[in-house]
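Peer 1: curious how this folds, go ahead:
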Amino acid sequence: MVDAATKKTLSGIPLLKTKAGPRDKDLWPTRLKEEYLSLIKYVENNKAADNDWFRLESSKDGTRWFGKCWHIQDLLKYEFEIEFDIPVTYPATSPEIALPELDGKTAKMYRGGKICLTDHFKPLWAKNVPKFGIGHAMALGLGPWLAVEIPDLISKGLVRHKDEKDGEDK
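Peer 2: Take a look at the predicted model:
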């Protein structure tokens, strides 16, 4: 079951209509426009709720996405690079979001820094094809992953704030 906060977040992310991926040359531009509009609305909602936590941009054809995400803990901002490609079978297959600099630091990650979304997010995505898009992947995939994994990695000393010097505590 989805909690009230998640339902509220989801209700603010417009659903997508076009079932098209990068191989669908005629429909992909329509889907891509829907993706941008949905993602823009999600970012606007986050900013209005003082919950701004990522920036994304894409290649010209919309198949490669990159940017930054961040987690704030103890008044310190921990920032990470994000990258992912749109799978050729998109939207039937969700994107595999990667945080390359965290590769190998947690068991909840695959080679190349791809975050593990198998158990919780991918079944939800599959039930909602083609309505879910990149904004939904951020809200239901990366967001919860960051909220759980980054504090754990910080507590283990595997992630350090950029201003910390070696051997120095916060």
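Peer 1: from now on I want contacts and neighbour counts done on CA atoms only, so please keep to that.
Peer 2: OK.
Peer 1: show me where the protein dips below the pLDDT cut-off.
Peer 2: 1-2, 165-170 (pLDDT under 70).
Peer 1: show me where it has its helices.
Peer 2: Under the criterion DSSP state H, the chain contains helices at 4-11, 28-48, 121-127, 134-137, 143-155.
Peer 1: deepest of those helices, which one?
Peer 2: helix 134-137 (a mean of 22; mean count of other C-alpha atoms under 10 Å).
Peer 1: what sits against L10?
Peer 2: 136, 139 (C-alpha atoms under 8 Å, 6 or more residues apart in numbering).
Peer 1: roughly how far does the nearest residue to C69 once chain neighbours are set aside sit from K19?
Peer 2: Spatial nearest neighbour of C69, chain neighbours left out: F54 (4.0 Å); criterion: C-alpha to C-alpha, 6 or more residues apart in numbering. Counting by C-alpha to C-alpha, to the nearest Å, the gap from F54 to K19 is 26 Å.
Peer 1: of the two, who's got more company?
Peer 2: F54 (19 against 16; other C-alpha atoms under 10 Å).
Peer 1: that one touches F66, doesn't it?
Peer 2: No: F54 sits out of contact with F66 when judged by C-alpha atoms under 8 Å, with a separation of 10.3 Å.
Peer 1: follow-up on the earlier one: mind putting the helices of the chain into CSV with distance to V88?
Peer 2: Below are the helices of the chain laid out as CSV (distance: least, C-alpha to C-alpha, whole Å):
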stretch, distance to V88
helix 4-11, 25
helix 28-48, 11
helix 121-127, 16
helix 134-137, 15
helix 143-155, 24
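Peer 1: among these, which is nearest K162?
Peer 2: Nearest of the helices of the chain to K162, taken as C-alpha to C-alpha: helix 143-155 at 12.0 Å.
Peer 1: may I have that closest one as PDB, with CA atoms only?
Peer 2: C-alpha atoms of helix 143-155 as PDB (Å, rounded to 0.1, in the frame of the first residue of the first chain):
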ATOM      1  CA  GLY A 143      14.100   9.600  -4.100                       C
ATOM      2  CA  PRO A 144      13.300   6.800  -1.700                       C
ATOM      3  CA  TRP A 145      16.600   5.100  -2.500                       C
ATOM      4  CA  LEU A 146      18.500   8.300  -1.600                       C
ATOM      5  CA  ALA A 147      16.500   8.700   1.600                       C
ATOM      6  CA  VAL A 148      17.400   5.200   2.800                       C
ATOM      7  CA  GLU A 149      20.900   4.600   1.400                       C
ATOM      8  CA  ILE A 150      22.700   7.900   1.700                       C
ATOM      9  CA  PRO A 151      22.200   8.300   5.500                       C
ATOM     10  CA  ASP A 152      23.500   4.700   5.900                       C
ATOM     11  CA  LEU A 153      26.500   5.300   3.700                       C
ATOM     12  CA  ILE A 154      27.300   8.500   5.600                       C
ATOM     13  CA  SER A 155      27.000   6.700   9.000                       C
END
